[in-house]
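> A predicted structure for the sequence below; I have some questions about it.
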Amino acid sequence: MNFLLANLLSEPVGVAHYMVVGAVLFTCGIVCMATKRNALGVLMGVELVLNGANINLIAMGSPYLQGENATLGLDGQLMALFVIVLAAAEAAVLLAITLNFYNSAGSVDIDQADQLRG
Amino acid sequence: MNLHSPATYLSLLTFLPAAAAVVVCFLPKDQDEFVKKWTLGATVVAFLLSLGMLVGWPGIAFQIGEPGMQHVFSVDWIPSFQVHYMMGIDGISLPLVVLTTLISMLAMGASWPITKHVKAYCMLFLLLETGMIGVFLALDFFLFYVFWEVMLLPMYFLIGVWGGPRREYAAIKFFLFTLFGSVLMLIALLMLYYSSDLRPLDAGLLAEVGISQTDIEAIQAADTPQHTFNLLALQELGQTTDQFKNRLAGKTYEWWAFLLLFVGFVIKVPSVPLHTWLPDAHVEAPTPISMILAGILLKMGGYGLLRIAYPICPEAAYDLAMFVCTLGVVSMVYGAFAALAQTDFKRLVAYSSISHMGYVVLGLGVWSATAGTDYNPDYWKMGMNGALFQMIAHGISSAGMFFMVGLLYDRVHHRDLNQFGGIFGKMPLSSGLAIGIFFAGLGLPGLCGFIGEFFVVLATWKFSIPLAVVSAAVVILTAGYILWTLQRVYLGADYTGPHAEALTPITKRELSIAAPLLALALLFGVYPRALLDTMEPSVSQTVERLAEWKERDDQAKETRQDSGKTTRQARRLTNHHQQQLTTPSP
Amino acid sequence: MDLQTWLPLLLGLAWLLPLASFAIVSIGGSLPQIQGHHASYRSQKIAGVVASAACGASFLLSLLAMAIWLTNHPLGAEHPGGHPGTAHAPPHYSGDFYSLASFGDLHLAIGYYIDTLTVTMFCMVTLIATCVHVYSWGYMHEELADVVDNEVATRDGKALHRPGRYHRFFQYLSLFTFSMLGVVIAGNLAMVFVFWELVGICSYFLIGFYIERPSATNAANKAFIVNRVGDFGMLIGLMTLWSSLGTLHFDQIFPQLAEPASAGGLSYPLLVVAGIGLFCGCIGKSAQFPLHTWLPDAMEGPTPVSALVHSATMVAAGVYLVGRCYPIFVPEVLLVIAVVGAITLAMAATIAITAVDIKRVLAYSTISQLGYMMLSLGLGGWVAGLFHLITHAFFKSLLFLCSGSVIHAVHTNDLREMGGLRKKMPWTAYTMLVGCLAIIGAGVPAWGIGFSGFFSKDAILEQAWSFAGANPAPVYGLLLWVPVAGAMLTALYMFRLWYLTFAGEPRNADRYAHAHESPLSMIAPLVLLATLAVSIGWVWPFSELSVTSLLEQARPAGTQETVQGEWLSSLTIPDEHLSHAPEIQVPAGWTTFSAAMGGLLLATMTYLWKWLRAEEIRQSFRPIHSFLWNQWWFDELYDWTLVKPTLWLSRFFASIDHWLIDPLVHGITHVSRLVARLLDSLLDRRAIDGSLHTLADQTWNTGLSLRQLQSGSLRQYVLFLVAGTLGLFAVASLYWKFAVAG
């Protein structure tokens, strides 16, 4: 771990740095999803995960970071935009589910939503 | 439809009842009376059609006195196995066909008391009639087998659905016994089929046995064995060639085939010890079905022996003649004794059937045309004609007997001989008819039962004296059980059993069933030629051909032995000479 | 006149007329029953007249045939081309009416064989039948209206009421006459057998006429079955002849028998079998020992039946057949016939002495007389035997009709309740006396006159005398002394019967008071028959016509010579003509006369003069009496040795089905079902189904365990997702590192 961080700290900001940020965000999102019992918390975790991925996409596709050999071109940004749109839609759906769940169960505790248990 | 062609006429005769059965399907369900009348109408038409051949319908007129097969036609059915739709009539089958249609008609008349599932009953009844007529007309072994099986199933249901309290047991017993028999027949059929080869027969003979010209050319051009199901061809092969002489477990194919066929047919006859299905089936079956069972179905065994087993397998038939005759005599004695012990009226009549059918087996088997009698076939002719006559006579008398039993059963609903008596006082006319019909069964001269029994018994002495003596002794037992039965049922002061009030006089319908049977019994008893003129030439031809076969066979054996003997003698002579030469003279 | 055409026509017509009457009466009597009525009084009366007229017409036709015969074949003339001592057939006409069947060279037909014997028998049978028909008008008149049968009780204990069966009676009588004439006219043995059986069945109907009485139906069954036992033997005889000769026609059999075995004849053992077989049939029909037991029981039938069927004609058919088939019998067989006849006559005579039923006495006397006929035929007395058959027919039918008249008057058969009846019914009494005198053979040997029985019985004893002379061995002597003793017994029991019935004082006043002479229709036949019983043995005045001369003309080939047995070389059957020699005729005649007179005297002393007391005799010979009273225990013997074992055997056979074959069949089905079930459980259920089930179970269990993962908790799922992704990543990179890159 030491040597990874040492490299990062000793080099100019590049794709790897962004990726570290993305990974941190992603991990936070996962942890958030796995630990939060509140549905809204989980929603937030999802948003974090998506954004973590977005950072990666943008970093990969940025000609500023990758130089001339940026293979993705504008695709990274496009995909990020796509993810954002999806995230918005997904958030809307999730909120609707949560609302319905709340109406039926009287709470937003996802541990109570275990009707699919086998 | 050209009714003057044999193919159309015989097919119509066979399948008319089946067609009528199809129509019954579409008749309204609540019109029982109409369904019965329709069925009766169909059986009447079938009867008239069968009579048509006798009275000389143009194109299909039966030539009385002509021994051979008449009006043979043959159509390809399953060409890949040489199965033909082949039919024809001769003096053996025609009386049986007429008997079948007659008894079916009368049995349908006797079916009026049936009220349960009338439509189904009528359909099965008609289907049964098709099967029976087909068996007697078929000249193709495969076709014969098919009709044989067609007959089996309706009978099973007719006993099993419309029968008495133990009907399921009786129906299954009947079915298993008969099926066992037909399986044996099937094996024999395949054995004969696969060992047959038509090529050795010349074109004239092939044409004679009903094979078409194109087929003959194909057969003669063939270089592989040409198997056949044609019964006439198989008879020819069995009597003139060595095709069925392959050995199997020390015996020829022919021997095994005969044994299988014999057992198969004798179950139907039935002969002791394969008879126990009969009393049960009769006791449980409704009256009209008993009439058909005794009147026609039992005859198929005898017909099969006469048409198939004997002509196709003469050597085996000769080998086993003593066995066949002994079985016949055992059945006669056994049936008569067992009948004496019965207390159930219908069971008694059933055992009497076993006893009477024993005469048929005995009559078929009395092969007295041997070297000892200079191959004189006359006595055997008498026996075989007696057997066939007995089949017809028993068809008439036993159907009548079962009808008279049913007539009483319909009224008082029991059959216990010990609870009858005094019926004559209550129902004089029906008692008179019954006594007449029972006397026909007893073998009283002047009634049909006598002729067949008398011929068979007279013919037996030439074959075997002990069997003749035993078979003659059966007349005492027969008189014993029939008279005792008549005494217990019809004579006496008073009826003491249940339902005495139901003993009403015979109705017109019942009279019109019983009276023709008695009239026929009288006709054939007084003037047996009425029947013999039709059947005697064909039966006698069968016997003559078998007698000729025996003569040929004996001669062939003799020459074989002679040649063996002469070589042996020659060898002995040479040895003798050599000894003389080598021994120094003293 | 062409006899070959006319005789069959006349006799055939005489034969068929009763059949026509039978058909008319039976159909006419059944027609009302279809409508549910009974035949009316009037129609029943008409039935009686029709049957009698048919029978009478048959008699006239037979007489006409006889006249034609006699004009063409004058008596006493030698057979055409024949001379004594050679085998030649008597004049005869034979042919077929129609053929029953023919197989190659074998022919069976309904035909005729007409010789003097046939014509004579036709006249005798039709005459007696006509008398009996007329007699029955009176005897059976009760049957015209509803009948109360006091011998039968119904369920409620009252006497049975039933409609009359007058016309049925005549119907059976007609059928019987037809059948009997059929036996007589028959041209071959097969036809004889046919009508033999028909006669038997008529006898069955007539014995069992009172079908409500168990005794009657039992007797009818017994008669037919016992006859069938005899017919069994007859069948064997027929088979022997048929198989060896290939024909049963009389006119073909007789010439062939004369030929040696090699030329189409029969070998000696077969001849013996054939002879004894045929004789067995005759034993049954003629009620000879040991098959005689049915005849006494047959007396259950109405008395006219007993007169016609069971004394005069049907039972004589056996004797007739022996006479007809005489050339078939070799000396050894004849000896058997004679011995059976002798045993029968002695046995029946002894039983007749103790019987108290008037009809049973006559029945046993019939058996005894039939024994005489058989004895005579067996000893070579062909004419004598058949002569006795004819004379016996007349006096025995007379005796029976008289007894019927008595029974009609006093309504009982029991001799112990009669007595003194001659005052009430003189016609019956004196005609019966004539019958008794005829049967005992009353006559004066010195003058050569007497009743008919005198001539015929004398002829028999002469032949016996002649036989005893030809065979000196003492055993053969018995065949002479038994009939002589029999003659004495005959006189004894016949006069015992007459005295007990008509003489002395009435033993039952009540019955005596109600007794009356019978109506004219019954008396007239009695008088006619009495006249014939006296005179039938006589020679027609101013001619050679007599029964003996008629029979002499019919004498079959080969009986006019003395023959020796082949196996029993000491056995000699003498020529019948030898018995007419005076040295035989005179002693034989006197012996018979004295025997008969002795019997008559004994009867008179006991039953008329009462010098001897019958009761005391009975007491002192108690064992013998009880032996005779029970008819030599024959019925019991047969019951135990034949009837019961047959029934046991039948039950045994029936139980084979029930206990052996059916269980076997059931066993087979059970075993196959067991095998099926075994296969089912082992193969199907265990092996195939079992493995499938295991697979299914395992899948199920796996599913169950996997189900634990599906907790429904989202957070857990996320963890799984992450872990899974990581795991996949790890695997992919390891794979990359080692498998692809490495």
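Okay, I see it.

> in which helix or strand would I find the one residue sitting closest to the centre of chain A?
Nearest residue to the geometric centre of chain A (C-alpha atoms, centre = their mean): A:V49, 1.8 Å. Secondary structure assigned from DSSP states H and E places A:V49 in helix A:39-61.

> After that helix, which helix or strand is next? Please name it.
Using DSSP H and E, the helix or strand that directly follows helix A:39-61 along the chain is helix A:63-66.

> Give me the phi and psi for B:A138.
Phi and psi for B:A138, reported as degrees, to the nearest 10, are phi -60, psi 140.

> close enough to count as contact, it and B:M86?
Yes - counting by C-beta atoms under 8 Å, B:A138 touches B:M86, with 7.2 Å between them. C-beta: built from backbone N, CA, C; applies to glycine.

> hmm, back to that, output the contacting helices and strands for the helix holding A:V49.
Packing partners of helix A:39-61 (3 or more C-beta pairs under 8 Å, 6 or more residues apart in numbering or on different chains; DSSP states H and E): helix A:15-35, helix A:75-105.

> hmm, who's touching the first one?
Outside of helix A:15-35, the residues within contact range by C-beta atoms under 8 Å, 6 or more residues apart in numbering or on different chains are A:8, A:41-42, A:44-56, A:58-60, A:62, A:65-66, C:715, C:718-719, C:722.

> of the residues you listed, buried ones?
Buried by 16 or more other C-beta atoms under 10 Å in any protein chain shown: A:42, A:44-56, A:58-60, A:62, A:65-66, C:715, C:718, out of the contacts of helix A:15-35.

> which residues of chain C score low on pLDDT?
Judged by pLDDT under 70, chain C has its weakly predicted residues at C:1, C:76-89, C:260-265, C:558-560, C:741-742.

> I'd like to know how far the residue nearest to the centre of chain A sits from A:V83.
10 Å (C-beta to C-beta, to the nearest Å).

> Would you mind giving the helices and strands packed on helix A:39-61 as TSV with mean pLDDT and mean neighbour count added?
Output for the helices and strands packed on helix A:39-61, formatted as TSV (pLDDT from 0 to 100; neighbours: other C-beta atoms under 10 Å in any protein chain shown):
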stretch	mean pLDDT	mean neighbour count
helix A:15-35	88	17
helix A:75-105	89	14
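
> who wins for proximity to C:N701 among these?
In terms of C-beta to C-beta, the element of the helices and strands packed on helix A:39-61 nearest to C:N701 is helix A:15-35, at 30.2 Å.

> got the CA positions of the closest one in PDB?
Taking Å, rounded to 0.1, in the frame of the first residue of the first chain, the C-alpha atoms of helix A:15-35 are listed here in PDB:
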ATOM      1  CA  VAL A  15      -5.500   9.200 -14.400                       C
ATOM      2  CA  ALA A  16      -4.400   7.100 -11.500                       C
ATOM      3  CA  HIS A  17      -5.200   9.800  -9.000                       C
ATOM      4  CA  TYR A  18      -8.700  10.200 -10.400                       C
ATOM      5  CA  MET A  19      -9.100   6.500 -10.200                       C
ATOM      6  CA  VAL A  20      -8.100   6.400  -6.600                       C
ATOM      7  CA  VAL A  21     -10.700   9.000  -5.900                       C
ATOM      8  CA  GLY A  22     -13.200   7.000  -7.900                       C
ATOM      9  CA  ALA A  23     -12.300   3.900  -6.100                       C
ATOM     10  CA  VAL A  24     -12.700   5.600  -2.700                       C
ATOM     11  CA  LEU A  25     -16.000   7.000  -3.700                       C
ATOM     12  CA  PHE A  26     -17.100   3.600  -5.000                       C
ATOM     13  CA  THR A  27     -16.000   1.900  -1.800                       C
ATOM     14  CA  CYS A  28     -17.800   4.400   0.300                       C
ATOM     15  CA  GLY A  29     -20.900   3.800  -1.800                       C
ATOM     16  CA  ILE A  30     -20.700   0.100  -1.400                       C
ATOM     17  CA  VAL A  31     -20.100   0.400   2.300                       C
ATOM     18  CA  CYS A  32     -23.000   2.800   2.500                       C
ATOM     19  CA  MET A  33     -25.300   0.400   0.700                       C
ATOM     20  CA  ALA A  34     -24.200  -2.600   2.800                       C
ATOM     21  CA  THR A  35     -24.600  -0.900   6.100                       C
END
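
> Just want the angle from that helix to helix A:39-61.
Following axes from the mean of the first three to the mean of the last three C-alpha atoms, to 10 degrees, one obtains 160 degrees for the angle between helix A:15-35 and helix A:39-61.

> what's the offset of helix A:15-35 from the middle of its chain?
7 Å (C-alpha atoms, centre = their mean, to the nearest Å).

> need the contact list for the closest residue to C:Y493 other than its chain neighbours.
Once flanking residues are discounted, C:Y493 sits nearest to C:A352: 4.2 Å by C-beta to C-beta, 6 or more residues apart in numbering or on different chains. Counting by C-beta under 8 Å, 6+ apart, C:A352 makes contact with C:R360, C:V361, C:Y364, C:S365, C:S368, C:L489, C:Y493.

> from those residues, which is closest to B:E558?
C:S368 (61.2 Å).

> burial of the closest one, as a residue count?
Residue crowding around C:S368 was assessed by other C-beta atoms under 10 Å in any protein chain shown; the count is 26.

> Pull the CA coordinates from the host helix or strand of it and hand them back as PDB.
Here C:S368 sits within helix C:358-378, counting by DSSP H and E. Output in PDB follows, covering the C-alpha atoms of helix C:358-378 (Å, rounded to 0.1, in the frame of the first residue of the first chain):
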ATOM      1  CA  ILE C 358    -103.000-106.700  -9.500                       C
ATOM      2  CA  LYS C 359    -101.000-104.900 -12.200                       C
ATOM      3  CA  ARG C 360     -97.600-106.000 -10.700                       C
ATOM      4  CA  VAL C 361     -98.700-109.600 -10.800                       C
ATOM      5  CA  LEU C 362     -99.400-109.200 -14.500                       C
ATOM      6  CA  ALA C 363     -96.200-107.300 -15.000                       C
ATOM      7  CA  TYR C 364     -94.100-110.100 -13.500                       C
ATOM      8  CA  SER C 365     -96.100-112.600 -15.500                       C
ATOM      9  CA  THR C 366     -95.300-110.600 -18.600                       C
ATOM     10  CA  ILE C 367     -91.600-110.700 -17.700                       C
ATOM     11  CA  SER C 368     -91.900-114.400 -17.100                       C
ATOM     12  CA  GLN C 369     -93.700-115.100 -20.400                       C
ATOM     13  CA  LEU C 370     -91.100-113.000 -22.200                       C
ATOM     14  CA  GLY C 371     -88.500-115.200 -20.600                       C
ATOM     15  CA  TYR C 372     -90.300-118.200 -22.200                       C
ATOM     16  CA  MET C 373     -90.000-116.600 -25.600                       C
ATOM     17  CA  MET C 374     -86.400-115.800 -25.200                       C
ATOM     18  CA  LEU C 375     -85.700-119.300 -23.900                       C
ATOM     19  CA  SER C 376     -87.500-120.800 -26.900                       C
ATOM     20  CA  LEU C 377     -85.600-118.600 -29.300                       C
ATOM     21  CA  GLY C 378     -82.300-119.500 -27.600                       C
END
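
> This completes my enquiry, with thanks.
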